[in-house]
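*Asks:* Got a predicted model here, sequence first, then my questions.
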Amino acid sequence: MASNKQPKKKKKSKEKIDNYQIFNITVRVTQSLFLVFISFLLLIAALGTGIGMGYFAFLVEDTKIPSKVELQQDLGDITQTSKLVYANGNTISNIRSDLRRTNVASNQISPLLKKAVVATEDEYFYKHHGVVPKAVVRALLSEAIGGGGGGGSTLTQQLVKQQILSSETTFKRKANEILLALEVEKNFSKDEIITMYLNVSPFGRNNHGQNIAGVQEAAMGIFGKNASDLNLPQAAFIAGLPQSPIIYSPYTNDGQLKNNFTYGLKRKNVVLFSMYRNHDITKKEYEEAKNYDITKDFLPASQVQNTSYGFLYDTVMSQAIDIIVNQLATKDGLTESQLADDDVYNEYARTAKDTLANGGYTIQTTIDEGIYQAMQQAVNDYGSYLDTNYNDPVEVGNVLMDNATGRILGFVGGRNYNQNQFNHAFDAKRQAGSAIKPVLVYGPAIDLGLMGSESRVSDYATSWKTGDDAGKEIVNATNKGSNTFQTVREALNWSNNIPAYNIYQEVLNETGDKNFVYNNYLAKMNYPASDIWQYESAPLGVATLSVVSQTNGFQTLANHGIYQQGYLIEAITNSKGKKIYKHKQNPVRVFSEESASIMNDLMRSVLQAQITTSYKTDLSSLNASLANLDWVGKTGSTNDWADSWLVVSTPKVTISSWSGYEDNRPSDSNAGRRTSLYLANLVNRIYQVSPEVFGTNEKFTLADSVKKEKVSKFTGQKNQGTVKIGNTEWKSFGEETTSLWAKNGPVDTSFRFGIGGTDENYQDYWKKFTPAKKEENNKDKESKEKTEKENKDENANQEDSEQEEKNEDKKTD
């Protein structure tokens, strides 16, 4: 029995051993498998990491790592509000932009605002080094499966994306974002980073309906206070805006308050909760801020006011854009002909406009604030002096220019900007009338030495020789010719067309070049190129010019014959205070000093004679001291008085006035009188605020080298020579006067002594001299005979006396 039990016990033990071994084996196998699996995962991870790092390196291999200076420039390249300023630095207006932004320093931003942004946008901001790996992986996976790349960006990454990269969702852009974010963190402090972020981020709209960026504009445009003065609920509201600025903004695109603030208020509360969760505020502060009625703090809608500087704003901006366009085109290597293409220019103009509007630029103008305001007030007060019986107002354009520099000190663009935005001082091109004669006709002829101030010019009736009007009579403003030879001074005083025609033809004939005057005079003053300058009618003022161009011509004469282009912009300064543009003087000698001084002497006579203008009288009735300044100038009018001009200068400034209807409607013969009265009042108003601008003690003087020649009043040539009239020869020609010559000089008097005219005209003119000369000769003969008789009588008396003495002697003997 015993032997039968023993084997059973051994079997049971063996089973226990087998189970134990199986368990151990299982554990060991499992462990091995686990280790193999872990090793496999580690291998896969290593391979994945290597592949990932390799792929990352591939994505960023072309990315240039910027230096700290370059990063600072890129991250600080914020669009800021730009402005126009007067010559004295006072603001004219901010430049209108689709986006308003103002940069502020860290200490100008409320700490509450910084905490609110960090708690909401990047709670690990002060712990990470530019990126949060888990968030990046999550964002990349989201992109990979097509869920979008939302989230995962730190404040640093957001800053990089806004300022350096685009917002496209690609692996390459994300890789560059990570790389640059790490560089930013390496080069800048956390406070610098968050300050830059708060200065560039979008914050919706302000109460003007303008798009705004940066916390300063947000604080001012929504609550009317600085970013440093925000309370907790206001800070939370602004901090919540960047996620969806337009949705959360309390304003519509025209600056009106929205009917429903729900989205913005909910977002504010989310920010407050984030701050509470982040231990930035207490529960009590959280509750109070959440229940705070922030809607009462929203600013009411307000319209942007720019219209009071409409003409000035528009003109300065137009010229500033042109300056930047030329800089950009030069940088890109464009030629003038390429830039002349409208499409090319317009593309550059859009870039230039955006650059100026959003770059924090300051455009310094030449405009004198007091003078400009006085001119605007004057046109408001006296513009009606120009009106006729029509219901529509007569438009006007005025420019005041410094002679020595070309600086435009003030201008009038029109009667009322709100009713008519067309700038009549800069943009309107109107027929120049007789106001162009000093620079087109008289100036060149005197400069070439073809005539002096007292030379004689035919004012006999004549007709056009060429063109559609060939054979038709040339007429003066008041007659068909005075049938005489006028002096140059008289012809200019009367503003007669026939003498101007004759002088101009003399210049073209003597030079043998129909473009001579334009090429050698007008082109130097930037007058527009045109075939008109070749026409016979050119000296009558048929060419169209702007008021500023006409002013520049007289500036040249007043500035001793030196042209200085009129300009409005002195300098353009960027947001860092660096001048990116400074006006450079480019003086151009147009007329000799001698001829310019003679022209000023002649134009002084125009105003003193008061044949074509009552300017001196009108000015004297307002301000005798002002009228006594040394004024020179010229009038001008066109057919049916559709255009009325008066341009006057002192040695220091030139001021011009044009008036007329925009549709070239006729006016009446009193148009010049009205222009004179208006300009006198305008000048007087300027004098009230800035008397020194006119140079009260300065005088026009003749250049030392001007030739002062004695000439016959009758012929304008030397009072010598031989002229045979009928059977009589004449060798002297009556009274003398002084003629001013720039060069050459008068010659001996001859039968054809003047400029223009036919032989018949000269014969007729000499008749006016002959009777006077005969009478003079008769008087000389009578005087001679009388003298001879007196001498004979005296001799006879002497002989009688001697005979009496002899007789007395005989008696004595």
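*Replies:* Ah, there it is. Residues are numbered from 1 along each chain as shown.
*Asks:* so who does G449 touch?
*Replies:* Neighbouring residues of G449 by Cβ atoms under 8 Å, 6 or more residues apart in numbering: 741-745. The C-beta positions use only the backbone N, C-alpha and C, and glycine is treated the same way.
*Asks:* Confirm that it lies within a strand, as I assumed.
*Replies:* No. Checked against DSSP: H, G, I helix; E, B strand; the rest coil, G449 lies outside a strand; its state is coil.
*Asks:* how much space between it and N559?
*Replies:* 21 Å (Cβ to Cβ, to the nearest Å).
*Asks:* now swap in Y518 and tell me
*Replies:* For Y518, the distance to N559 - Cβ to Cβ - is 21 Å.
*Asks:* Neighbour count: those two, which is higher?
*Replies:* N559 (26 against 22; other Cβ atoms under 10 Å).
*Asks:* Quick check: closest non-adjacent residue to the more buried one.
*Replies:* N403 (4.4 Å; Cβ to Cβ, 6 or more residues apart in numbering).
*Asks:* before we move on, back to that, show me which of the contacts of G449 are buried.
*Replies:* With burial judged by 16 or more other Cβ atoms under 10 Å, the buried subset of the contacts of G449 is 741-743.
*Asks:* can I see the domain layout of this protein?
*Replies:* 1-61, 97-297, 307-376 (automatic domain parsing).
*Asks:* And the pLDDT for the closest residue to K83 other than its chain neighbours?
*Replies:* Distances taken as Cβ to Cβ, 6+ apart place N94 nearest to K83, at 4.9 Å, with adjacent residues excluded. As predicted, N94 sits at a pLDDT of 89.
*Asks:* Just list the residues touching N94, thanks.
*Replies:* Per Cβ under 8 Å, 6+ apart, neighbours of N94: 81-84, 100.
*Asks:* Quick check: it vs A378, distance?
*Replies:* Noted for N94: a distance of 26 Å to A378, by Cβ to Cβ.
*Asks:* Repeat that for G561.
*Replies:* 31 Å.
*Asks:* Just the C-alpha atoms of stretch 177-195, please, in CSV.
*Replies:* Only the C-alpha atoms of stretch 177-195 are listed here, as CSV (Å, rounded to 0.1, in the frame of the first residue of the first chain):
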residue,chain,number,x,y,z
GLU,A,177,8.4,80.6,-36.9
ILE,A,178,9.9,78.3,-34.2
LEU,A,179,13.5,79.0,-35.3
LEU,A,180,13.0,82.8,-35.2
ALA,A,181,11.0,82.7,-32.0
LEU,A,182,14.0,81.0,-30.3
GLU,A,183,16.3,83.7,-31.7
VAL,A,184,13.9,86.4,-30.4
GLU,A,185,14.0,84.9,-26.9
LYS,A,186,17.7,84.7,-27.0
ASN,A,187,18.1,88.4,-27.9
PHE,A,188,15.4,90.2,-26.0
SER,A,189,13.9,90.2,-22.5
LYS,A,190,10.4,89.1,-21.8
ASP,A,191,9.3,92.7,-21.1
GLU,A,192,10.8,93.8,-24.5
ILE,A,193,8.9,91.0,-26.2
ILE,A,194,5.5,91.7,-24.7
THR,A,195,5.9,95.4,-25.3
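*Asks:* i'd like the first residue to be 184 from this point on
*Replies:* Fine by me, first position is 184 from now on; the one you just mentioned is stretch 360-378.
*Asks:* I'd like the distance from it to the chain centre, please.
*Replies:* In terms of Cα atoms, centre = their mean, to the nearest Å, the centre of stretch 360-378 is found 41 Å from the chain centre.
*Asks:* Show me the contact partners of that stretch.
*Replies:* 243, 246, 248-249, 251, 254-255, 258, 288-289, 292, 297, 300-301, 308-309, 311-314, 319, 336-340, 342-344, 347-348, 379.
*Asks:* Could you pull up the mean pLDDT of it?
*Replies:* Here the average pLDDT along stretch 360-378 is 89.
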